[in-house]
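S.K.: here you go, sequence then predicted model.
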Amino acid sequence: MHLGMVIDLKRCVGCQACTIACKSENGTPPEVLFTKVLEQVAGEYPIVKKKFIPVLCNHCEDAPCVRVCPTGATTKREDGIVLVDNNKCIGCRACYVACPYKNRIFLKKGSLKNGYHGKQLTPYELVKYPKWQEGVVLKCTFCVERVDQGLDPSCVQTCPADARIFGDLSNPESKVSRLIRQRGGFQPLSEDNTEPSVYYIE
Amino acid sequence: MPKTMPLVGNEFVSGFRLQTEWATLIAAAFFFGKIGSGLFLMSVFLTNSWLGALVGLLIVLVGKGGAHLLYLGRPERFWRGLMKPGTSWVARGFWAMMIMMVSGTLFLISPAGSAASSVFALIAGLSAFVVAIYDGFLMNSSPSIPLWNTAMMPVLCLFYSLLGGTTLTLFLIEFGFTEVAIATVFLSNMEIVLLITNLIVIGLYLLSMTNATAAAKESLRLLVSGTYALPFYVLALGFGLIFTLLMSYFVGTAGGAGVVGLITAADLVGHYFLFYLLLRVGVYKPVLGQLTM
């Protein structure tokens, strides 16, 4: 099995619902976004075109972050999901720098002291924050806890436009494989030979 | 990729993004690693200076090791950085540093001229060589930042390491800290040759970036005509190489300890700032290409 995602750029409306769903699912501290939607604009007023580009960890097949990690904290599961072990990470940020997509986040010291509403953490934050550690690197996990239960990642489930599709890239009959085949799916920065598991279609 | 893509920060906009994580402390670690290992190599294989070798080891241990520890998010787990030398240049550099420390110390305490001393000198020298250049491989090994993703980086690191080692050796001699087995004039000439070589290597490196990808060109623009142009021209090139070269050529060691001290300070400032600026102007490519109408 090789889990991956297809993002339909024609469907994305830039609502950032995926961004919020991810934060809600993972309970990440302020300034930590595992996924977000970037805007890209072309042309000049009044002839303007805008495109939305959802970005997240691409769970690359040949992930530079796995290669450069000196501790073995960043690993790749058999199903292709790239994970960071908080207890092994030393915070050298070699992976952060090596990721061509800049999709890793370093959790600075003090990040867990303040929540979204000042120094007093909300009950929600008190429940979610203990799983994070300061001084280590974090990233999207494809919502691995949900995936292990047979569910889609939170961003996929939430997307109101059905712009994110999750599935098995190794199965030629899966929806993701068919979309890539039929609509010419392409990988971001394919010239870097990292073999991302996230494809875009237009 | 067209040049019209913007340079963006953390905003939700697609474009070139600046590398922000590796800056002051990593530049300091690279700097101390290069000058320390350079001084150690010079002292062991060229000048036969016991004190020079000791100072080189201490610079690497305290300067480089200290800067790395200060930078790590979880310094108490630093030892885990040794776990994956098979694929990670960080781990390889860490191993090289450890081997250099141990074999260098054994070299210093071994009787001069003994077989053990020669063996330890060889091991320590090889590991010091790796410490001198691994930063270049570390930066080169990542495809994310095209400015660093070039075979010129290890070359630049090697020549800067040798230059730093030569400068510090001259400093130690002129200030009467050590005596060396070779003529000072040879070291002075070597310094001049290395300064010219470094100027040429930097020139070639930057020239190669003019034909590289758009992100490399954006880095180059930031360095030579953008935000970081002033410190690049004044500190890295002007003070670090051109002033040093002119002072070394026209005055040199004949000017006495004061002049050598000034040359050393200028060289070290230029060295630090060159690598600091190369780290700061690292630019990531946009995730997807230019949007067209």
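M.R.: Looks like it arrived, so ask away.
S.K.: now do the strands in chain A.
M.R.: A:3-8, A:36-44, A:47-55, A:74-76, A:82-84, A:105-106, A:137-138, A:164-168, A:198-201 (DSSP state E).
S.K.: quick one: distance of the first one to the chain centre.
M.R.: In terms of Cα atoms, centre = their mean, to the nearest Å, the centre of strand A:3-8 is set 11 Å apart from its chain centre.
S.K.: residues in contact with it?
M.R.: Contact partners of strand A:3-8, identified using Cβ atoms under 8 Å, 6 or more residues apart in numbering or on different chains, comprise A:54, A:56, A:59, A:79-81, A:142, A:147, A:153, A:156, A:161-169, A:175-176, A:179-180, A:185, A:197-201. Heads up, the C-betas are built off the backbone N, CA and C, glycines and all.
S.K.: need the nearest residue in space to residue 125, chain neighbours excluded.
M.R.: If you meant another chain, say so; for now it's chain A. Closest residue in space to A:Glu125, ignoring its immediate chain neighbours: A:Gly115 at 4.2 Å, by Cβ to Cβ, 6 or more residues apart in numbering or on different chains.
S.K.: nope, chain B please
M.R.: Spatial nearest neighbour of B:Gly125, chain neighbours left out: B:Val44 (5.6 Å); criterion: Cβ to Cβ, 6+ apart.
S.K.: count of residues packed around the one you found?
M.R.: If you count neighbours by other Cβ atoms under 10 Å in any protein chain shown, B:Val44 ends up with 24.
S.K.: list the contacts of residue 139.
M.R.: All of this is about chain A. A:34, A:57, A:65, A:82, A:84, A:103-105.
S.K.: can you look at chain B instead?
M.R.: If you count contacts by Cβ under 8 Å, 6+ apart, B:Met139 has them with B:145, B:148-149, B:153, B:278.
S.K.: ok, now B:Pro231?
M.R.: Taking Cβ under 8 Å, 6+ apart, we find B:Pro231 in contact with B:273, B:277.
S.K.: repeat that for 6 Å
M.R.: Each residue near B:Pro231 by Cβ atoms under 6 Å, 6 or more residues apart in numbering or on different chains is listed here: B:Phe273.
S.K.: kindly report the same for B:Met190.
M.R.: Taking Cβ under 6 Å, 6+ apart as the criterion, B:Met190 is in contact with B:Thr166.
S.K.: other residues contacting stretch A:116-134?
M.R.: Counting by Cβ under 6 Å, 6+ apart, residues outside stretch A:116-134 touching it are A:27, A:30, A:86, A:107, A:109, A:111-112, A:115.
S.K.: which residue is the nearest non-sequential neighbour of the closest residue to chain B within chain A?
M.R.: Closest contact between chain A and chain B, by Cβ to the nearest Cβ, is at A:Gly91 (1.9 Å). Excluding its sequence neighbours, the residue lying closest to A:Gly91 (Cβ to Cβ, 6+ apart) is B:Gly73, at 1.9 Å.
S.K.: contacting residues around that neighbour?
M.R.: A:91, A:135-136.
S.K.: neighbour count and pLDDT added to those residues, as a markdown table?
M.R.: A markdown table is the format used below for those (neighbours: other Cβ atoms under 10 Å in any protein chain shown; pLDDT from 0 to 100):
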| residue | neighbour count | pLDDT |
| --- | --- | --- |
| A:Gly91 | 24 | 97 |
| A:Gly135 | 19 | 97 |
| A:Val136 | 22 | 98 |
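S.K.: what's around B:Leu207, how many residues?
M.R.: B:Leu207 has 11 neighbours, counted by other Cβ under 10 Å.
S.K.: helices along chain A, start to end?
M.R.: Remark: helices assigned in chain A by DSSP state H are A:17-26, A:64-68, A:94-98, A:123-128, A:144-148, A:154-158, A:175-183.
S.K.: between the ones you listed, which gets nearest to B:Asn48?
M.R.: When these are compared by Cβ to Cβ, helix A:94-98 sits nearest B:Asn48, at 37.0 Å.
S.K.: residues near residue 123, how many?
M.R.: Assuming you mean chain A. 7.
S.K.: my bad, chain B
M.R.: Number of residues near B:Ile123 (other Cβ under 10 Å) recorded here: 17.
S.K.: coming back round to it: which residues does the residue nearest to A:Glu125 contact?
M.R.: Shown in contact with A:Gly115 (Cβ under 6 Å, 6+ apart): A:121-122, A:125.
S.K.: bridge partners for it, pull those for me.
M.R.: The partner list for A:Gly115 in beta bridges (DSSP bridges) reads A:Gly118.
S.K.: quick one: the worst-scoring helix or strand of chain A on mean pLDDT to chain centroid distance?
M.R.: Of all helical and strand segments in chain A, the minimum by mean pLDDT, DSSP states H and E falls on strand A:36-44, at a mean of 90. Distance of strand A:36-44 from its chain centroid, counting by Cα atoms, centre = their mean, is 19 Å.
S.K.: nice, that's everything, thank you.
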